[in-house]
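Student: Output the structure for:
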Amino acid sequence: NWHHTDPSVYQSLPPVRYPCWVGLSRSHAENLSRAYKVPVKFVYNGIDLDFYKNNGRPRGGRYLFMGRYTPEKAPLDLIGLAKRLRIGLDLYGDTEIVGNQDYVRRCFQEADGYFVRAYKGISREATVDAFSTHKALLQWLNWDEPFGLVVCEAMACGCPPIVARRGAMPELIKNGETGFLLDNLDEIANIIETGKVGELKTEVMRKWVERKFSLERFVSSWNDLLLRVVAGERW
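Tutor: Now for the predicted structure:
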């Protein structure tokens, strides 16, 4: 079984002797193992690197948020930070698959249309354009993200992620080389104000994603795991 979210989704494992549970990252597997008291392996997600690549458009000075408008993704925190620092922030995200519509409305109400602009979800093609033309991706988290596809997609397009040091993020990002891992919003503010984002190199981000999170790596990892199961391994 390949588990895609946090342990609270299921009250118990399937009623089989060997559930062979698989998570999305080492952090995710450890969380699942603690919750269900069974061994859990992991396979990293993979992304289509023929699709997610810089499209050559000029990179502007505005920052980007990409994700659901939910408290665990914390867009309101980033809106407040952007207004405090007086920087441009564009938010794109799902407004339907959310549990708190009041939170969604607050996000759109707090967006002033100048420093902060909030939009609904966009197509996959449009996300490539957003990654290619924004200065950096801002992702704050109020939960332990099991993986974080948007972070890998951003790096593949040369958009540096500035994210919370939570969940799988330390596995996805080489701190100071392909993005920044931070512990609070003041640290994010410092990275922005000191211009450290400009020190990161697009080609370094791209090569990192090619090595760690390509579809080929994803398929190979799953193939190896399934061959071990066919050979008799159980967990």
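
Student: Could I get the full set of helices for the protein?
Tutor: Counting by DSSP state H, the chain has helices at residues 26-36, 75-85, 101-110, 124-133, 149-156, 169-172, 185-193, 202-212, 215-230.

Student: Enumerate the positions of the first one that are buried.
Tutor: Read it as helix 26-36. Buried residues in helix 26-36, counted by 16 or more other C-beta atoms under 10 Å: Ser27, His28, Ala29, Asn31, Leu32, Ser33, Tyr36. Just so you know, the C-beta spots here come from the backbone N, C-alpha and C atoms, and that holds for glycine as well.

Student: just those residues now: which is nearest Ile47?
Tutor: Closest approach to Ile47 among the buried residues of helix 26-36 (C-beta to C-beta): His28, at 16.9 Å.

Student: Surely that closest one is in contact with Arg166?
Tutor: No: contact criterion C-beta atoms under 8 Å: His28 and Arg166 do not qualify, at 11.7 Å.

Student: what do the two both touch?
Tutor: Contact criterion C-beta atoms under 8 Å, 6 or more residues apart in numbering; residues shared by His28 and Arg166: Asp144.

Student: State the pLDDT value of the residue nearest the centre of the chain.
Tutor: Nearest residue to the geometric centre of the chain (C-alpha atoms, centre = their mean): Gly148, 2.7 Å. With respect to pLDDT, Gly148 scores 96.

Student: which residues does it contact?
Tutor: The contact partners of Gly148, by C-beta under 8 Å, 6+ apart, come to Gln139, Val163, Gly167, Ala168, Met169, Leu172.

Student: Who is the residue lying closest to the fifth one once chain neighbours are set aside paired with across the strands?
Tutor: Counting by C-beta to C-beta, 6 or more residues apart in numbering, the nearest residue to Met169 once its immediate chain neighbours are dropped is Val163, at 5.0 Å. Listed by DSSP bridges, the beta-bridge partners for Val163 are Gln139, Leu181.

Student: And for Val163, the neighbour number?
Tutor: By other C-beta atoms under 10 Å, the residues close to Val163 number 27.

Student: Would you check how far apart it and Gly195 are?
Tutor: In this view, Val163 and Gly195 are 18 Å apart by C-beta to C-beta, to the nearest Å.

Student: Now do the contacts for Glu175.
Tutor: Heads up, residue 175 is Asn, not Glu. By C-beta under 8 Å, 6+ apart, the contact set of Asn175 is Leu181.

Student: Of the buried residues of helix 26-36, which is the nearest to Asn223?
Tutor: Among those, Ala29 lies closest to Asn223 (C-beta to C-beta), at 18.5 Å.

Student: Verify the stated contact: the closest one with Val38.
Tutor: No: Ala29 is not in contact with Val38 according to C-beta under 8 Å; the separation is 10.5 Å.

Student: Now that we have the contacts of Gly148, which of them are buried?
Tutor: Burial by neighbour count, judged by 16+ other C-beta under 10 Å, picks out Gln139, Val163, Gly167, Ala168, Met169, Leu172 from the contacts of Gly148.

Student: Now do the same for the fourth one: its pLDDT.
Tutor: The predicted local distance difference test score for Ala168 is 97.

Student: Quick check: it touching Phe147?
Tutor: Yes: counting by C-beta under 8 Å, Ala168 touches Phe147, with 5.1 Å between them.
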